[in-house]
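>>> Provide a 3D model corresponding to the input given below.
(2 chains)
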Amino acid sequence: MTAAVVRRGALARTKWYLNCSMSIGQLPLRRSQSTFNHFVGSTKLQPSSTPPTPKPDAKPFRLAVKDNIATEEFPTQCASGVLGQHASPFEATIVRQLRARGASVVGKTNMDEFGMGSHSVNSIHGPVRNPLAPAGEDVSAGGSSGGSAVAVALDDADIALGTDTGGSVRLPAAYTGIVGYKPSYGMLSRFGVVPYANSLDTVGLLARDVESIRRLVFDTRLYEEHDPSDPTSLSVETRQRCSKAAPAALPDLSHLTIGVPVEYNINELDPAIRDAWAATASALESQGARIVPVSLPSTKEALCAYYILAPAEASSNLAKYDGVRYGIRGTEGDAAGETLYSEARGAGFGPEVKRRILLGTYSLSSEAMDNYFIQAQKIRRLIQQDFDRVFKLDNPLYEPRQFDLSEMSADTALEDKQGPVQVDFLLSPTAPTYPPKLSDIMKRSSIDAYMNDVLTVPASLAGLPAVSVPVKIDQSHQFPTGLQLIAQYWDDRRLLALADKVVKLMAA
Amino acid sequence: MSRRSVGELSRYLLEGRISQRGCINGRRLSSRTVPVWSSLRPPYALRHLHTQPEPAAAAASSQPIHVPLRKQLKEQAKQAKKQGKKKSKGDSQTVDGWELTVGIEIHAQLNTSRKLFSPAATSFNDEPNSHVALFDVAMPGSQPLFQKETLIPAIRAALALNCEIQPISRFDRKHYFWWDQPSGYQITQFYEPFAKKGHITLLARDGISTEDGESVTVGIKQVQLEQDTAKTLAQTGSVHWLDFNRVGVPLIEIITEPEIHHPRTAAVFVRKIQLLLNTVDSCVSGMETGGLRADVNVSVRRTDDPSKKLGTRTEIKNLSTIKAVEDAIIAERDRQIRQLEAGGVIAGETRGWTIGSKETRRLRGKEGEVDYRYMPDPDLPPLVIGNDLVQRLQTSLAVLPDTELDKLVNHYGLTPKDALSLITLDNGSRVQYFYRVLALLESKLQAELDIADLPEVKSYSTLAGNWILHELGRLTTYKAGPLASGDLSFTQLGECAQVSEEDLSQLLYHLYRKHITGKVAKELLMAVYLGELEGGILEAINGNDLWFKEISQEEYEALAAEAAAGEDKVLEEFADEQKYPQGKLMYLVGKMMRLGPTERIDPAVAENAMRQWIERFHGR
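Sure, this is the predicted structure:
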């Protein structure tokens, strides 16, 4: 962090987002002027609705908002040409909820276009750069919520909102050395979040420490609030039922079993990351926690399933950007025999978005649907069952399920006659490598970039809460290691409590 | 439940009159409101389309034939001649050696106040773009919110079509680009629709093709909920304006099995669906207002091998009138047969139909077919429909037109055509009025007669039906004079402001009991209608001594003899027993009526007397 703080000192102290002299309608500042390019230049808007009434216990804090979450004070552009200067007529529920809790929005953060990417380079505003990188080196800040992570890492914001579809909050948190939390699917409202893949999208929170996230979500009872505008927001009754199903407090570590999923120990894993993972597991064990290897056999299929399902939903969600209401209409096209809207869509979307739209369009086509989309959904179900099998807690969304031993791999060790061991949490790395250089990313294929999500995608497919925390065992190493903790559905409160313990334990 | 909708529907069906209210805001008009235009065209004018001329006995009392009607018929005949329509459509129902197979998809706007996935109001002809929620224009970050009220008319429709309501159904996205589709997809129910496996039966009286015999049952494959699109308002040049008020308005799509084999039957099917949907209050707007649209799938195969699979089908999109359904099917069938007979093949393609044209036209072929890439909507939970709701809607479902028609025909003895007129007139209020009058007439008869002497229901219900349809209808046919602006108005419950059910039942009671003559009854009815009777029917009869004091049998015989005097030539015509000259008999009866005191003569008795006199004259 020190290096980053030093470098940041060299920056002009004028925060662009407080530059009120800029009037509406002026051209936006190009964020390439900023060293890390984490904020999106945009003119401030006149909000059309009154600000939310602050709660009695509201404490002021600075909030950075990913640019795919609708705000009234700033345009919502999703780092895309099709939504250039899009002024949302409404504000996302999560933003209003946080404003009522004392948040002031300091700006919109740069990202991968519509959330599609793992390095925050697929942006019309140019790539976000990692402040932890040595001077003169352009390194990935992770994506797609890279701008949000950097805003927090640089102390430009106390909390940042990101979105996590397949790891987009956890990965940049890991790369920039902060905490990134993806809650259980359905806990935080998605109303006002421009969808990438609705069934996977979750609003996530980024902060420098776990405690500020835990306070915001649980002490201010954010987790209890149902949003009637979001059909996927859990009802109050379901929230209560889920909360009853999960223990409220984290017991002493000596009462916890933490699983280390063997399938996450992939060949591509950076040895230093593997060391950090092992060291953290040992540290927890030394504190009395029981560490056991567990098997999640469907993990290897997760990435394939994710890269079928997410683009499929994306191709559908992005069909609305056709130049009629959003994007710039082409001068040609739309004539008989020509493809409708191709010009507007061709000009408005970046290459990665186009790639995923085409992928999704294909996997949903009548000839490919059965072999791709349907199969991927089946894998998704298997992955979710893998998790249910290893967690001690039942998944409160499903009827309790008996697992047949024949469904498990033959080498699964049995705990007792009840079956294999079950765990409270899972511990794994967040990313297989440390943040790559931007120049290396440009040289690689998009498939290589997809590989980065291999460890974060399973929890997304299962809708489970997960948090990435920074751990540094080798002080000489440039970057901290992001370690991921995963919990059973709606066990978020204990997950964050454990994450806090891990951070403190490893810092000591 | 409101029955108003039936009448409204019949106005487009039978008169081609476009509703002044939409499907949607129908609720807002008071049921008592009688739109101004209804006086311009009296409901009576409907008669020529679905009632027969009155029976001969009634005609004997020299009623003037309704002039506008005659004129209309004449003009129609002239029109038909001009168009060279020598053969009726009946001839075009089949083609020798070929079998036609038709499947139909009907889209109908549901009668709801909210859109399917947003709380925006549904509207009709309101200020464009005045009822638009964020989701309706696919605002980034907005989400669909299923409006569960829309289920009520949807389930009613499915029940009217005898469908099985599915406890769990789901919503899917159907993708295609068009400017009237803001999200780039339509939310529909492709994989798991909410209703399946229904059927409706079409009867001969519905007007099905004679080749289909007495009845034909058409299977309903499924009924699904889906969104409507925005309305395009074409401007000059290549400019189009979009009105998003309609986008997201709930529709049901009704998909039949390919089980229709005659063009007329297909058209009758669409008309019957309209009637059913109106009766159960699912949809109050018809084809002409765009509230209902039909697509038809047409294929032909040679009849020599019935086991052969169906021929390649083409789809004709967006048929907007009942007539277009029949005409387009005939044109497409003939085109396919011509093509096949010339050794060609049928390409599976989408075709269009312009009203008034003779040929369908190609819209797009297989290569232009859109792959809709159906995907379950990831924002919308499954739709769970409880059995309690289905049961409740089933028991409160309005009596379906067929059930009511059956009762009117079988129990009350009305002709099918009269029964149909009765239930479609005045938004269904006329038949309610009929029931009210009949109940009063019945109680009067019961009060006056011993139970053993009570007549059969049909004997007086047909009289009541006749009067309520035809005599009442006659009152409002005057185009000039003081009666020209007159009108009959009915409440939804069947109360008539101009002719109370008490007055009419009193009148019919005396007529039925032969206390008064038909002529007197008609005059009294007119007086009631004009509000000229101050003290009621009984006082008017008493005050003006209108009671029917029938002459004696001897007087009848004397009159017959008097009328026959000097008519030797006429009488000669009765000599041949094989060919009874009924017309001549009526001529002689008419003479009797003129010679005697008309108001004291019952024409039927007079006829009988004359007949007997003639028989005696010829020594039989």
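>>> quick one: pLDDT of residue B:215?
Model confidence at residue B:215, given as pLDDT, is 86.
>>> for the closest residue in space to it that isn't next to it in sequence, phi and psi?
Setting aside the residues directly before and after it, residue B:215 is nearest to residue B:203 in space (C-beta to C-beta, 6 or more residues apart in numbering or on different chains), at 4.9 Å. For every residue, glycine as well, the C-beta is placed using N, CA and C. For residue B:203, the backbone dihedrals (degrees, to the nearest 10) come out as phi -110, psi 160.
>>> what sits against residue B:203?
By C-beta atoms under 8 Å, 6 or more residues apart in numbering or on different chains, the residues touching residue B:203 are B:214-215, B:402.
>>> ok, residue A:386 touching residue A:301?
No - the pair formed by residue A:386 and residue A:301 falls short of the contact definition of C-beta atoms under 8 Å, at 10.2 Å.
>>> out of these two, which sits in the busier spot?
Taking residue A:386 and residue A:301 together and counting by other C-beta atoms under 10 Å in any protein chain shown, residue A:386 has the greater number of neighbours (24 against 18).
>>> Tell me how chain B divides into domains.
In the domain annotation for chain B, the residue ranges read B:4-67+B:421-543, B:102-393, B:553-617 (automatic domain parsing).
>>> closest to residue A:473 out of these?
Distances from residue A:473 to each of these were compared by C-beta to C-beta, and the smallest falls on domain B:102-393, at 40.1 Å.
>>> Up against chain B, what does the stretch 1-150 of chain A have?
Applying the criterion C-beta under 8 Å from any C-beta of the partner chain, the portion of the stretch 1-150 of chain A that neighbours chain B consists of A:69-70, A:76, A:78, A:83, A:86, A:88-90, A:92.
>>> Which strands and helices lie in contact with the helix or strand residue A:99 falls within?
Taking DSSP states H and E as the criterion, residue A:99 maps to helix A:93-100. Contact here means 3 or more C-beta pairs under 8 Å, 6 or more residues apart in numbering or on different chains; DSSP states H and E; on that basis helix A:93-100 packs against strand A:61-66, strand A:103-109, strand A:159-164.
>>> Neighbouring strands of the last one in the sheet, and parallel or not?
Same thing as strand A:159-164. Paired with strand A:159-164 in the same sheet, following DSSP bridges, are strand A:61-66 (parallel), strand A:202-207 (antiparallel).
>>> so it versus helix A:93-100, what angle?
170 degrees (axes from the mean of the first three to the mean of the last three C-alpha atoms, to 10 degrees).
>>> from the stretch 51-200 of chain B, which residue is nearest to chain A?
Chain A sits closest to residue B:184 of the stretch 51-200 of chain B, with a gap of 2.4 Å, by C-beta to the nearest C-beta.
>>> looking at it, that residue is touching residue B:229, isn't it?
No - counting by C-beta under 8 Å, residue B:184 stays clear of residue B:229, with 11.7 Å between them.
>>> So between those two, which is more surrounded?
Each of residue B:184 and residue B:229 has its neighbours counted (other C-beta under 10 Å); residue B:184 has more, 22 against 18.
>>> That one - nearest residue in space that isn't next to it in sequence?
Taking C-beta to C-beta, 6+ apart as the measure, residue B:184 lies nearest to residue A:319, with 2.4 Å between them; neighbours along the chain are not counted.
>>> Spell out the secondary structure type for that neighbour.
Going by DSSP: H, G, I helix; E, B strand; the rest coil, the secondary structure assigned to residue A:319 is helix.
>>> got the contact list for it?
With C-beta under 8 Å, 6+ apart as the criterion, the residues that contact residue A:319 are B:175, B:177, B:183-185.
>>> Could you list which of these belong to strands?
By the criterion of DSSP state E, membership of the contacts of residue A:319 in strands covers B:175, B:185.
>>> Minimum pLDDT in the contacts of residue A:319, which residue is that?
Scanning the contacts of residue A:319 for pLDDT, the smallest score is found at residue B:177, 83.
>>> Report the separation between that one and residue B:422.
Distance, residue B:177 to residue B:422, by C-beta to C-beta, to the nearest Å: 49 Å.
>>> same thing with residue A:154?
When C-beta to C-beta is applied, the distance between residue A:154 and residue B:422 equals 81 Å.
>>> Wasn't residue B:225 part of a strand?
Yes - in this structure, residue B:225 lies within a strand as judged by three-state DSSP.
>>> where does it land on pLDDT?
On the pLDDT scale, residue B:225 is placed at 95.
>>> Next, count neighbours for it.
Taking other C-beta under 10 Å as the definition, residue B:225 ends up with a neighbour count of 24.
>>> which residues touch it?
Residues counted as contacts of residue B:225 (C-beta under 8 Å, 6+ apart) are B:116, B:150, B:154, B:171, B:188-189, B:193-194, B:250-252, B:383.
>>> Of those, which is the most crowded?
Neighbours here are counted as other C-beta under 10 Å. On that basis the top member of the contacts of residue B:225 is residue B:154, with 29 neighbours.
>>> phi, psi of that residue?
Taking degrees, to the nearest 10 as the convention, residue B:154 sits at phi -70, psi -40.
>>> you'd agree it is up against residue B:281?
No - applying C-beta under 8 Å, one finds residue B:154 not in contact with residue B:281, separated by 11.5 Å.
>>> How about the contacts made by residue A:329?
A:323, A:343-344.
>>> Redo these as TSV? Include pLDDT and distance to residue A:127.
Formatted as TSV, the entries for the contacts of residue A:329 read as follows, by pLDDT from 0 to 100; distance: C-beta to C-beta, whole Å:
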residue	pLDDT	distance to residue A:127
A:323	83	27
A:343	80	27
A:344	82	25
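>>> same for chain B: which of the residues you listed are within range?
With C-beta under 8 Å from any C-beta as the criterion, no member of the contacts of residue A:329 is in contact with chain B.
>>> Which of those fall in helices?
Filtering the contacts of residue A:329 for membership in helices, criterion DSSP state H, returns A:343-344.
>>> send the alpha carbons of the strand or helix carrying residue B:99 over as PDB?
Under the criterion of DSSP H and E, residue B:99 resides in strand B:98-109. The C-alpha atoms that make up strand B:98-109 are tabulated as PDB, following Å, rounded to 0.1, in the frame of the first residue of the first chain:
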ATOM      1  CA  TRP B  98     -57.600 -32.500 -51.600                       C
ATOM      2  CA  GLU B  99     -57.900 -32.100 -47.800                       C
ATOM      3  CA  LEU B 100     -57.200 -28.800 -46.100                       C
ATOM      4  CA  THR B 101     -55.800 -28.700 -42.600                       C
ATOM      5  CA  VAL B 102     -55.800 -25.500 -40.600                       C
ATOM      6  CA  GLY B 103     -54.300 -24.600 -37.200                       C
ATOM      7  CA  ILE B 104     -55.000 -21.200 -35.700                       C
ATOM      8  CA  GLU B 105     -53.200 -19.000 -33.200                       C
ATOM      9  CA  ILE B 106     -55.300 -16.200 -31.700                       C
ATOM     10  CA  HIS B 107     -53.800 -13.300 -29.700                       C
ATOM     11  CA  ALA B 108     -56.300 -11.500 -27.500                       C
ATOM     12  CA  GLN B 109     -55.900  -8.600 -25.200                       C
END
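>>> helices or strands up against it?
With contacts taken as 3+ C-beta pairs under 8 Å, 6+ apart, strand B:98-109 sits against strand B:250-256, helix B:263-279, strand B:292-302, helix B:322-341.
>>> Quick one: closest of those to residue B:491.
Ranking these by proximity to residue B:491 (C-beta to C-beta) places helix B:263-279 first, at 18.4 Å.
>>> average pLDDT across that closest one?
The pLDDT scores in helix B:263-279 average 88.
>>> quick one: low-confidence parts of the stretch 1-150 of chain B?
Within the stretch 1-150 of chain B, the stretches falling below the threshold (pLDDT under 70) are B:1-91.
>>> Quick check: pLDDT value at residue B:355.
So, for residue B:355, pLDDT stands at 79.
>>> my read: it touches residue B:318, true?
No - assessed by C-beta under 8 Å, residue B:355 is found out of contact with residue B:318, at 10.9 Å.
>>> what sits opposite residue A:140 in the beta ladder?
The partner list for residue A:140 in beta bridges (DSSP bridges) reads residue A:129.
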